[in-house]
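What shape does this take:
(chains A, B and C)
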Amino acid sequence: MLKAAIDADIFRETIDVISALVTECRLQVSDAGIQTRAVDTANVAMVSIEVRPEAFTSFTATTQELGMDIAKMKNIIAMMNKGDLLSLDLPEDGHKLALTFRGYKYSITLLDVNTIRKEPNMPNLDLPGRIILSGNALNSAIKAASVISDKIALGIDPTAGIFYMEAEGDTDQIRLEMGKDELESLSMTEARSLFSLDYLKDMGKVMSRATQVEVLLGNDHPVKFLFDIADGKGHVEYLLAPRIEAD
Amino acid sequence: MLKAAIDADIFRETIDVISALVTECRLQVSDAGIQTRAVDTANVAMVSIEVRPEAFTSFTATTQELGMDIAKMKNIIAMMNKGDLLSLDLPEDGHKLALTFRGYKYSITLLDVNTIRKEPNMPNLDLPGRIILSGNALNSAIKAASVISDKIALGIDPTAGIFYMEAEGDTDQIRLEMGKDELESLSMTEARSLFSLDYLKDMGKVMSRATQVEVLLGNDHPVKFLFDIADGKGHVEYLLAPRIEAD
Amino acid sequence: MLKAAIDADIFRETIDVISALVTECRLQVSDAGIQTRAVDTANVAMVSIEVRPEAFTSFTATTQELGMDIAKMKNIIAMMNKGDLLSLDLPEDGHKLALTFRGYKYSITLLDVNTIRKEPNMPNLDLPGRIILSGNALNSAIKAASVISDKIALGIDPTAGIFYMEAEGDTDQIRLEMGKDELESLSMTEARSLFSLDYLKDMGKVMSRATQVEVLLGNDHPVKFLFDIADGKGHVEYLLAPRIEAD
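Just a heads-up that it's a prediction; the model follows:
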């Protein structure tokens, strides 16, 4: 059973976070809110998101796992206006989720959860490098790199006291350096890893709305991006595997 | 002979109404204004439009039938600015229509009317269900249905006192109900018919600008949409044939 | 050696002028500023542009020829914001140009100038017809003609005292006439030539931002468009060969 109401924009934010990586997922619903964890089909990127009951206008739920068609949700969200209140309704043992807003009532058949990949475990990683910056600055850097390359290196140079991003094309380079005064926080730990811009571009668009993104880095290790949604009543972790430096 | 001047926006509105269904038409010109009736190539939808002389800044015409390339008109309209005054000029026995605005003078060869389908008769239909609502609300409902299906049912439930639209996809449904307080008018007559969203989407875009649209419905019968253009100095009727309910 | 700083919008304007015709060019740099001349691959159109040192915030350069990838520059410019100050830096005997703005540092390998077509000479032409009008009016006329044709005639009718543009489609025509009061200047010299709209459309977009464009015309001769950029601190000449009148 699920009976909840939520601001259309918060629901849109939630779906956008997930749809950057996957088109369907297993949504865990309980009295602690909603939560999901999913990896993309190539096993390169993972999203973990939780939205607490306080993010909803009202929220009552029994513990259950729902098979969500995220791509279909995006289409329905496109019909919602700013300020709309969305009601979510799933009866006990039901498999049709009702989405109601402004007189519209969509009735969506849930996916069979057994046809969707199991939720992965979040790997235990030692990522000593830590930067906090605005989502907008992070997204701009990702876009700037994609002009000349399909991969980007993220790193910390403790000697120079900077967080840097650099990308190399066939003949060209781009480098962005940010010092302590342009960042919210910077740990003075050597770190550098290379990542595919394909994934980062989609993640960057989502993260551009976050006031603060915490970036956790290692050496040739995955990167983690941590940020809040729903005015701090929801939390997201993106994990992205590194690419091998081919030179 | 035709010698007229018209606000560019009113002319654009007129052409948009017609181009939602056909790319060419026989335009009837007389001292009563301009008028046309046309069916789409698949014989599923009909448009009937009349614009009275009062909608024009000036209007003088002898009775005649003009072969109009509506698609070409749309391209020319794209060059007009808001507030432009458009002059239409066709000499006696001429077959080149001059469109003049802001120093530009387009000279368009009329189509041979014999190459264009004859004007259909508006069928005599008994459509007892009657709803009046805003064009914007009607268009929103059409777009909401197209998210999950390619057809939509429009109906009146006199017991519940509502006008409803519903659509079904392979696994999903949408339903919108509007009561008397959300409508300008609602007749308490049982009615329900199914329609193709392909046609309705194009009509809906045009109707979204109308303050009021009158909808006439029957049971497995066509639907009629009636609305004014040109500040009430023009009138449109759309007729759309029903689809067979396939279940 | 080149060491300069320039407002991002002026740099964008400069690159747009060149990219309307070619994707790469030989850029002449000296203490007189930057300058280039290039013809399109089909030898139909030529651009000649010079930007004086005063257009830059700061400018120091030794005389040299740089192989510029204009298409790549356009992509980088897309990352700049209004008001950004762009620094250009090329060391003595270097072949990597650094473009720095807002913390971003792009390092672009210059093209080998020997792989780029030599700068053409500007032909000596007798073009007695002369019109001055706003770039916006010129661009509108080009767009209006492209609705019905792929070529346009530009001419001066000294008897009627007008500058005219006309285009003919298979069955349709457009004509625009501008008298002395709609033009900044008009020479009373008979002139008329026909041009391809393919080229004019791209040039027109660039010229639409110019307050004044000087048009030089002959009879079945090329047309020249002269206009300023960078608040008068830069100057552009476009030259376009005529098409043969096929009737």
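
wait, what's in contact with the residue nearest to A:Lys180 when sequence neighbours are not counted?
The shortest distance from A:Lys180 to any non-neighbouring residue, by Cβ to Cβ, 6 or more residues apart in numbering or on different chains, is to A:Leu186 (5.4 Å). All C-beta atoms are positioned from the backbone trio N, CA, C, and that covers glycine. Shown in contact with A:Leu186 (Cβ atoms under 8 Å, 6 or more residues apart in numbering or on different chains): A:Arg130, A:Ile131, A:Ile132, A:Ile156, A:Gly161, A:Ile162, A:Phe163, A:Lys180.

Weed out the non-buried ones from those residues.
A:Arg130, A:Ile131, A:Ile132, A:Ile156, A:Ile162, A:Phe163 (16 or more other Cβ atoms under 10 Å in any protein chain shown).

Need phi/psi at the fifth one.
Main-chain dihedrals, A:Ile162, degrees, to the nearest 10: phi -140, psi 150.

Next, A:Asp40: phi, psi?
According to degrees, to the nearest 10, A:Asp40 has phi -70, psi 170.

Then A:Gly232?
Torsion angles at A:Gly232 (phi, psi; degrees, to the nearest 10) stand at phi 90, psi 0.

what's the spacing between the nearest residue to A:Leu200 once chain neighbours are set aside and A:Ala167?
Leaving aside its chain neighbours, A:Leu200 sits nearest to A:Ile142 (4.9 Å; criterion: Cβ to Cβ, 6+ apart). A:Ile142 is 9 Å from A:Ala167, where distance means Cβ to Cβ, to the nearest Å.

Common neighbours of those two, please.
Counting by Cβ under 8 Å, 6+ apart, the contacts common to A:Ile142 and A:Ala167 are A:Ile152, A:Leu197.

close to chain B, is stretch A:1-13?
No - using Cβ under 8 Å from any Cβ of the partner chain, stretch A:1-13 stays clear of chain B, with a minimum separation of 13.5 Å.

For A:Pro53, give me its contacts.
Contacts for A:Pro53 were tallied using Cβ under 8 Å, 6+ apart; they are A:Asp31, A:Ala32, A:Gly33, A:Phe59.

any idea how far it lies from C:Asp69?
A:Pro53 is 55 Å from C:Asp69, where distance means Cβ to Cβ.

A:Glu119 too?
Applying Cβ to Cβ, the value for A:Glu119 to C:Asp69 is 47 Å.

the more surrounded of those two?
Regarding A:Glu119 and C:Asp69, a neighbour count based on other Cβ atoms under 10 Å in any protein chain shown identifies C:Asp69 as having more, with 20 against 17.

pLDDT score for the more buried one?
C:Asp69 is assigned 96 on the pLDDT scale.

what's the answer for A:Ala246, then?
In this model, A:Ala246 is scored at 62, pLDDT.

need the contact list for the nearest residue to A:Glu54 once chain neighbours are set aside.
Nearest non-adjacent residue to A:Glu54, counting by Cβ to Cβ, 6+ apart: A:Lys233, 4.7 Å away. Taking Cβ under 8 Å, 6+ apart as the criterion, A:Lys233 is in contact with A:Val51, A:Arg52, A:Glu54, A:Ala55.

May I have the beta-bridge partners of the first one?
Using DSSP bridges, the bridge partners assigned to A:Val51 are A:Ile34, A:Gly234.

Please, which helix or strand holds A:Ile152?
strand A:151-157 (DSSP states H and E).

Is chain C within reach of that strand?
No - using Cβ under 8 Å from any Cβ, strand A:151-157 stays clear of chain C, coming no nearer than 12.6 Å.

Report the distance from that strand to the chain centre.
Counting by Cα atoms, centre = their mean, to the nearest Å, strand A:151-157 is centred 20 Å from the centre of its parent chain.

Can you point out the buried residues in it?
Neighbour-count burial for strand A:151-157 [16+ other Cβ under 10 Å]: A:Lys151, A:Ile152, A:Ala153, A:Leu154, A:Gly155, A:Ile156.

neighbouring strands for it, and are they parallel or not?
Applying DSSP bridges, strand A:151-157 is found paired with strand A:162-168 (antiparallel), strand A:191-196 (antiparallel).

packing partners for the helix or strand following the last one?
Later in the chain than strand A:191-196, the nearest helix or strand by DSSP H and E is helix A:197-207. On a contact count with 3 or more Cβ pairs under 8 Å, 6 or more residues apart in numbering or on different chains; DSSP states H and E, helix A:197-207 meets helix A:135-146, strand A:151-157, strand A:223-229, strand A:234-240.

Reformat these into TSV and put mean pLDDT next to each item.
Converted to TSV, the helices and strands packed on helix A:197-207 look like this (pLDDT from 0 to 100):
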stretch	mean pLDDT
helix A:135-146	96
strand A:151-157	97
strand A:223-229	98
strand A:234-240	98
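
quick one: the residue in chain A that chain C sits nearest to from A:Asn43, how far?
For chain A, the residue closest to chain C is A:Thr171, as judged by Cβ to the nearest Cβ, at 3.7 Å. Distance of A:Thr171 to A:Asn43, given as Cβ to Cβ: 32 Å.

Compare these two and say which is more crowded by neighbours.
Using other Cβ under 10 Å, the more surrounded residue of A:Thr171 and A:Asn43 is A:Thr171, with 15 against 10.

Residue numbers of chain A in contact with chain C?
A:140-141, A:143-144, A:147-148, A:171-178, A:182.

Out of the residues you listed, which end up buried?
By neighbour count, with 16+ other Cβ under 10 Å, the residues of chain A next to chain C hold A:140-141, A:143-144, A:147-148, A:172-178 as buried.

Pick the one among these closest to chain B.
Chain B lies nearest to A:Lys143 out of these, by Cβ to the nearest Cβ, at 29.9 Å.

The residue of chain A closest to chain C sits in which helix or strand?
Counting by DSSP H and E, A:Thr171 is part of no helix or strand.

That one against C:Leu110, yeah?
No - using Cβ atoms under 8 Å, A:Thr171 is not in contact with C:Leu110; the gap is 9.1 Å.

Contacts only, for A:Lys205.
Counting by Cβ under 8 Å, 6+ apart, A:Lys205 has contacts A:Ala20, A:Asn139.

Return the distance of it relative to A:Val47.
Distance check for A:Lys205 against A:Val47: by Cβ to Cβ, it reads 14 Å.

Residues in contact with both of these two, list them for me.
Taking Cβ under 8 Å, 6+ apart as the contact rule, the neighbours common to A:Lys205 and A:Val47 are A:Ala20.
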